[in-house]
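Trainee: pasting a predicted model and its sequence here:
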Amino acid sequence: MRRLLLTLPLVLAACAPETPAAPETAAGAALFATHCASCHGAEGRGDGPAAEDLGAVPADLTRIAARRDGVWPMLEVMAIVDGYARRTDARPGMPVVPEVAEGPTVEFETGNGMVQQTPANLLAIARYLETIQEPQPTRYVP
């Protein structure tokens, strides 16, 4: 029994979802502050200083997972941020920010066993948004 109690925290830690690395999260926070906070607000709640001048209310980005029953949809978030989703699901006033979709790339495991080269800045913003979810996601999908 004592051995089980000593190993249980290690087992639980191994089963927990991967937490974004601190430098990547910090980079995402900085990119968010530069490119997104004027509309979405410093905390991502859709209440930035430019929000009232837009034709549509900016999304509360702290509730992405909550609006999806606790699921964090990583690829969907990345598609919206980089502008790809605009082709099918228009978001009025949502600019495409070249700095997010360009620049150095990193390997990203898409959830189906495939690894894709992905813009590091895009991944950093998406991972940052994951950290500000209220409540935190309980499940993850690619």
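Mentor: Right, received. Where do you want to start?
Trainee: which helix or which strand is home to the residue nearest the centre of the chain?
Mentor: Closest to where the C-alpha atoms of the chain average out (Cα atoms, centre = their mean) is residue 126, at 2.5 Å. According to DSSP states H and E, residue 126 maps onto helix 120-131.
Trainee: the next helix or strand after that helix - contacts with which helices or strands?
Mentor: Sequence order places strand 139-141 as the next helix or strand after helix 120-131, per DSSP H and E. For strand 139-141, the packing partners by 3 or more Cβ pairs under 8 Å, 6 or more residues apart in numbering; DSSP states H and E come out as strand 71-73, helix 74-82. From N, CA and C alone the C-beta is placed, and that goes for glycine too.
Trainee: low-confidence ranges, the protein, go.
Mentor: Scanning the chain for pLDDT under 70 picks out 1-21, 84-92.
Trainee: before we move on, the earlier item: I figured the residue nearest to the centre of the chain was touching residue 72, is that so?
Mentor: No: contact between residue 126 and residue 72 fails when scored by Cβ atoms under 8 Å: they sit 9.4 Å apart.
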